[in-house]
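Novice: Sequence and predicted structure are below.
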Amino acid sequence: MNKELFFVNEEICELLTGNQGSVNSIPVPVLYSSHEEADSRITLHCMYASQQPTTERVIVRSPDSDVFLLPLSFSDTISKPLIFDTSSGNNRRQLNITDLAATISKRLRDAIIGLHAFTGCDSTSCFAGKGKLKALKMLQGDQDHQDTFSRIGTLETISGQDMQVIKTFVCQLYGKTSHTNVDKVRYDKV
């Protein structure tokens with residue numbers, strides 16, 4: 001069986017192919033990148049791999065929730081079945097991102113990008129003691145939050161109205177549902 005594996009070393013990307021004990025290395029200039037955010041580079045590689053005629057499905061193996069969330073958000077641009085292979089300790093499982101994406105709204109998928117950047121990625125800090133799962137569950141239940149985080153993921157500036165929604169979101173993230181003043185919540189003054 002033919003296997004293909006993308007190998008990335010800094011800005012260089014090569015496609016390693018194996019067949020009957022032999023390995024070939026093919027440079028893939030279209031995937032050369034100086035972008036430091038590994039999670040989004042993986043998503044780019046998924047898109048590329050799905051466009052290749054020999055690809056039946058794309059499998060990404062990682063323990064990182066961001067590597068799961070970003071391809072989920074961009075699932076409309078990945079044309080082949082996408083499988084997320086993950087493990088924690090001795091537990092290994094495969095999640096079909098393509099099937100999952102079909103069960104959630106486009107609005108929510110679009111909002112995941114903004115949520116990813118806001119709740120912590122390779123270039124921003126996360127919220128102390130709060131994981132992505134809690135933030136994602138909150139996002140699922142509120143269309144205003146979904147609309148706001150969708151805009152955060154696509155716009156360069158944030159409106160005053162969106163900033164207020166974000167402040168409310170942070171307060172809710174810390175269990176202070178009736179507050180909108182992040183500083184007071186942060187310093188436990190409420």
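Specialist: Right, received. Where do you want to start? Numbering: from 1, shown residues only.
Novice: how close does Arg93 sit to Ser62?
Specialist: From Arg93 over to Ser62 the distance is 12 Å, taken as C-beta to C-beta, to the nearest Å. Where you see a C-beta, it was placed from the backbone N, CA and C, and this is true even at glycine.
Novice: Looking at these two, which has the bigger crowd around it?
Specialist: For Arg93 versus Ser62, neighbours defined as other C-beta atoms under 10 Å are more numerous around Ser62 (15 against 9).
Novice: Give me the phi and psi angles of the more buried one.
Specialist: Dihedral angles phi and psi of Ser62 (degrees, to the nearest 10) take the values phi -170, psi 150.
Novice: and it, what does it touch?
Specialist: With contacts taken as C-beta atoms under 8 Å, 6 or more residues apart in numbering, Ser62 has the following neighbours: Ile42, Phe68, Phe84, Asp85, Thr86.
Novice: same thing with Ser73?
Specialist: Under the criterion of C-beta under 8 Å, 6+ apart, the contact partners of Ser73 comprise Arg109, Asp110, Ile112, Ile113, His116.
Novice: count of residues packed around the nearest residue to it once chain neighbours are set aside?
Specialist: Spatial nearest neighbour of Ser73, excluding adjacent residues (C-beta to C-beta, 6 or more residues apart in numbering): Ile112 at 3.9 Å. Here the neighbour count serves as a burial measure; for Ile112 (other C-beta under 10 Å) it reads 26.
Novice: what does Gln94 give?
Specialist: A count of nearby residues for Gln94, using other C-beta under 10 Å, gives 12.
Novice: In the record's domain split, what are the boundaries for the chain?
Specialist: Per automatic domain parsing, the structural domains of the chain span 1-103, 105-190.
Novice: show me what contacts the nearest residue to Ser34 once chain neighbours are set aside?
Specialist: Take Ser34 and drop its neighbours on the chain: the residue closest to it by C-beta to C-beta, 6+ apart is Glu11, 5.2 Å away. Contacts here follow C-beta under 8 Å, 6+ apart; on that basis Glu11 touches Tyr32, Ser33, Ser34.
Novice: Any figure for the gap between the most centrally placed residue in the chain and Ser88?
Specialist: With the centre of the chain defined as its mean C-alpha position, the nearest residue by C-alpha atoms, centre = their mean is Leu70, 2.1 Å away. Distance of Leu70 to Ser88, computed by C-beta to C-beta: 19 Å.
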